[in-house]
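1. Build the 3D model from these lines:
(chains A and B)
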Protein chains: 2
Amino acid sequence: MSLDFGPATALSCRECGARYDLGPSFACLECFGPLEAAYSFGDVTRADIESGPANIWRYRSLLPVPADVAAKPNMNPGWTKLVQAGNLGKALGIRSLYVKDDSGNPTHSFKDRVVAIAVEAARNFGFHTLSCSSTGNLAGAVTAAAARAGLDACVFIPADLEQAKIAMARVFGGRLIGIDGTYDEVNRFCSELIGDPLGDKWGFVNVNLRPYYAEGSKTLAYEIAEQLGWRLPEQIVIPIASGSQLTKIDKGFKELIALGLVEDRPYKVFGAQAQGCSPVSTAFKAGHEVVQPVKPDTIAKSLAIGNPADGPYVLDIARRTGGAVEDVTDAEIVAAIKLLASTEGIFAETAGGVTVGVLKKLVETGRLDPEAETVVLNTGDGLKTLDAVSGDAAPTAVIRPSLDAFRAAV
Amino acid sequence: MSLDFGPATALSCRECGARYDLGPSFACLECFGPLEAAYSFGDVTRADIESGPANIWRYRSLLPVPADVAAKPNMNPGWTKLVQAGNLGKALGIRSLYVKDDSGNPTHSFKDRVVAIAVEAARNFGFHTLSCSSTGNLAGAVTAAAARAGLDACVFIPADLEQAKIAMARVFGGRLIGIDGTYDEVNRFCSELIGDPLGDKWGFVNVNLRPYYAEGSKTLAYEIAEQLGWRLPEQIVIPIASGSQLTKIDKGFKELIALGLVEDRPYKVFGAQAQGCSPVSTAFKAGHEVVQPVKPDTIAKSLAIGNPADGPYVLDIARRTGGAVEDVTDAEIVAAIKLLASTEGIFAETAGGVTVGVLKKLVETGRLDPEAETVVLNTGDGLKTLDAVSGDAAPTAVIRPSLDAFRAAV
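-> Numbering: from 1, shown residues only, chains lettered A, B, ... in the order given. Now for the predicted structure:
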């Protein structure tokens, strides 16, 4: 098997630094720490990137993918809008605010980014089936990408997910297995399945392909910096599910600095959780270095991971950069969804309500500098979590088609 | 009032050619024909366009908008993906097929394009309220754009629309008025409201701003040609609601030819309707030049316009270019949604099922050349019309988190 992962040259352990050949491995044999992609970057210039396609493949020389990746059938996610959010900024008292709106991705969540990288890894390893444990968005991203790439799909979700996420995951074909249990139980089940002959030649995007998959989140960092005019934001608010996205955005910023693509200046990373699933926020506030698992109970189901694998790394990054981790209630999430919608015309899913709600709380409590350039992430789409706004999902009035009826109504 | 509509210099009647000053007018005073924007284009080069932003404003020199349009708060729609649909092409026996996927727009339908132009017209005329009659997608596009532009919104819909479209139209704020009646009755009511003091200073995007609004659909033509490498497709399949989109895509292609931006070569335009609302298809097949209104009954609610204003123009374009107008049943629409999803990972709304279903029917009946380069439009998002696939919107199996349970299920 001849592998081509472009600039990625090895896997390395995030805990002990042990190095391994590129393969479908995810845990260190020495210390059981998580593995991640290690690179040998060539010369990468702004001009090279700017001449690339309007999707994540413009950054292919910074990702574990072959140089010809853009020529193969995939979903071509990314290059979503960085929206200058003047109205929301005014409402919250923040001078310079941007929303990175990943609802513009093909299946309307940031998961298309990570899955696109995993598809390339699955091709490299000769896997025939693409799989995952998912809180919903990932299931749709995986089944869509598998359909287009010509791979089989079999994805696993908690059986009680939002109807829209279930429908979307089914429409692309493949098998969708509901599990009676939490996401954490689904995840454990998938780890078992990898060791079983049933799961042979299966690429679980967020388990045995995780070291590749997770790198896709770096593209959020690259895009934000490039869209700001090759500049790092001073503050960024990122949702926390497993915590992987936050750690990879930090990794992306550091790579841009190391490669001389942006000026090296300080940035603060803020993590956002729902109060009904806030193990990282709880640990941050208590000054702990480890994260105590919880059983989730929140409307932000896409963030409902009670045992976040990257929790300790998130704590470290928030503390190192001078940021924080905060959480908001379900009511605050709904209010934030409506605030973002009515100021900027962006309909976020509950995870976007979490980040905007936390942004509001951080500025109100003085932990976020209202004068500093700030980016807040919306990672999903309100159409997938309609229940959150269903209390207001009816016309303001229903009338006969006559001017008199309209006069009476207004 | 100093107006700035960029290259647009007048309104002209599509029937008798009478010319009028730019204003919030929509019908010819001589013959009651519809008015449209007339231009005096300067030199427009490919390089100018290519150096523009990744949204419709790259074509601002071909649209009725001021040169600084991109600097004002708007939704910046467009530059959606032209997906090379090799899998779908193989399934249908078409050699070179592309899907223009407008579900990637900010509110996930092509309506963001037309509304963005209407917002500029509303600003020009000093209107304070943005309004429309809508089958659903337009309502969300208008309320979102109004929120971001700082305008009030009051939109009108048939009261029985899909839940997702109602929720989306509400979340951005403004008033959402349900009308007990069909879209055509909603539309007539809006025309009355324009003449009433209640509607003073209101911009009805698809009534008194229609000559500007409708021009937004030309951007679909421009993008398709540019994304093909500055080349017109040989065949294109377009959905028909009012018929405006189809006529403006044809106008866009002709402008590109006239400006020397693409080679002048023949293209065939095909129109697609749902059988439950197929007045244009019926007229096409009968050889008529006028369209007999119908009362719609189809799951493709976004195309459910029984009295399509641009019907006669559609007939003329289909006949002149050697195309056709065809319709498909609700069952064929659902099958086509699933076919597109399972081959290309694109989840279309019912209108996309109509175009893909018609594409299939046209190639099967020999009216579409399977060897010619073909583009099919998906103008909306499957998440807004979930009912169409709700029969399959459950997991394929629900199990306990154990290998034994999984073995038993597969």
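2. Report whether the expected contact of residue A:399 with residue B:178 is present.
-> Yes - contact criterion C-beta atoms under 8 Å: residue A:399 and residue B:178 qualify, at 7.3 Å. In this view, the C-beta of every residue, glycine as well, is placed from N, C-alpha and C.
3. Between these two, which has more neighbouring residues?
-> residue A:399 (22 against 19; other C-beta atoms under 10 Å in any protein chain shown).
4. quick one, what contacts that one?
-> A:405-406, A:408-409, B:177-180 (C-beta atoms under 8 Å, 6 or more residues apart in numbering or on different chains).
5. in stretch A:251-270, what counts as buried?
-> Neighbour-count burial for stretch A:251-270, counted by 16 or more other C-beta atoms under 10 Å in any protein chain shown, picks out A:251-253, A:255-257, A:259, A:261-262, A:267-270.
6. what are the bridge partners for residue A:277, then?
-> residue A:274 (DSSP bridges).
7. count of residues packed around it?
-> Neighbours of residue A:277 (other C-beta under 10 Å): 25.
8. Please name the residues that touch it.
-> By C-beta under 8 Å, 6+ apart, the contact list for residue A:277 reads A:294, A:296-298, A:300, A:303-306.
9. quick revisit: filter the buried residues of stretch A:251-270 down to the ones in strands?
-> A:268-270 (DSSP state E).
10. Please enumerate the helices of the stretch 1-150 of chain A.
-> A:46-50, A:86-92, A:111-125, A:137-149 (DSSP state H, counting those that start in this stretch).
11. What's the PyMOL line that selects buried ones from the contacts of residue A:277?
-> Those of the contacts of residue A:277 that count as buried under 16+ other C-beta under 10 Å are selected in PyMOL with:
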select buried, chain A and resi 294+296+298+300+303+304+305+306
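12. Now render the contacts of residue A:277 as TSV, adding secondary structure, pLDDT and distance to chain B.
-> As requested, those are exported to TSV (DSSP: H, G, I helix; E, B strand; the rest coil; pLDDT from 0 to 100; distance: C-beta to the nearest C-beta, whole Å):
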residue	secondary structure	pLDDT	distance to chain B
A:294	coil	97	18
A:296	coil	94	16
A:297	coil	95	19
A:298	coil	96	20
A:300	coil	96	17
A:303	helix	96	20
A:304	coil	93	16
A:305	coil	94	15
A:306	coil	95	14
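13. related to what we said a few turns ago, which of the helices of the stretch 1-150 of chain A sits closest to residue B:57?
-> helix A:86-92 (17.5 Å; C-beta to C-beta).
14. what does that closest one contact?
-> Taking C-beta under 8 Å, 6+ apart as the rule, helix A:86-92 contacts A:94-97, A:99, A:339-340, A:343-344, A:356, A:359-360, A:363, A:370, B:73, B:147-148, B:150.
15. Which residues of the stretch 1-150 of chain A lie near chain B?
-> A:54, A:73, A:75-76, A:79, A:81, A:83-84, A:86-87, A:101, A:104, A:106-108, A:140, A:143-148, A:150 (C-beta under 8 Å from any C-beta of the partner chain).
16. ah, wrong one, I meant the stretch 151-300 of chain A
-> Close to chain B, as judged by C-beta under 8 Å from any C-beta, the stretch 151-300 of chain A has residues A:157, A:159, A:163-164, A:166-168, A:170-173, A:175-181, A:185-186, A:188-189, A:192-193, A:196, A:198.
17. Mind checking which of those residues land in helices?
-> Residues of those located in helices (DSSP state H): A:163-164, A:166-168, A:170-171, A:185-186, A:188-189, A:192-193.
18. where's residue A:358, which helix or strand?
-> Residue A:358 belongs to helix A:350-364 when elements are defined using DSSP states H and E.
19. how about a markdown table for the ones in helices among the residues of the stretch 151-300 of chain A next to chain B, with neighbour count added?
-> Below are these laid out as a markdown table (neighbours: other C-beta atoms under 10 Å in any protein chain shown):
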| residue | neighbour count |
| --- | --- |
| A:163 | 14 |
| A:164 | 25 |
| A:166 | 23 |
| A:167 | 24 |
| A:168 | 31 |
| A:170 | 23 |
| A:171 | 27 |
| A:185 | 18 |
| A:186 | 23 |
| A:188 | 16 |
| A:189 | 21 |
| A:192 | 14 |
| A:193 | 21 |
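20. Distance to residue B:60 added to those, as JSON lines?
-> Output for these, formatted as JSON lines (distance: C-beta to C-beta, whole Å):
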{"residue": "A:163", "distance to residue B:60": "41"}
{"residue": "A:164", "distance to residue B:60": "35"}
{"residue": "A:166", "distance to residue B:60": "42"}
{"residue": "A:167", "distance to residue B:60": "38"}
{"residue": "A:168", "distance to residue B:60": "35"}
{"residue": "A:170", "distance to residue B:60": "41"}
{"residue": "A:171", "distance to residue B:60": "37"}
{"residue": "A:185", "distance to residue B:60": "53"}
{"residue": "A:186", "distance to residue B:60": "49"}
{"residue": "A:188", "distance to residue B:60": "54"}
{"residue": "A:189", "distance to residue B:60": "53"}
{"residue": "A:192", "distance to residue B:60": "57"}
{"residue": "A:193", "distance to residue B:60": "53"}
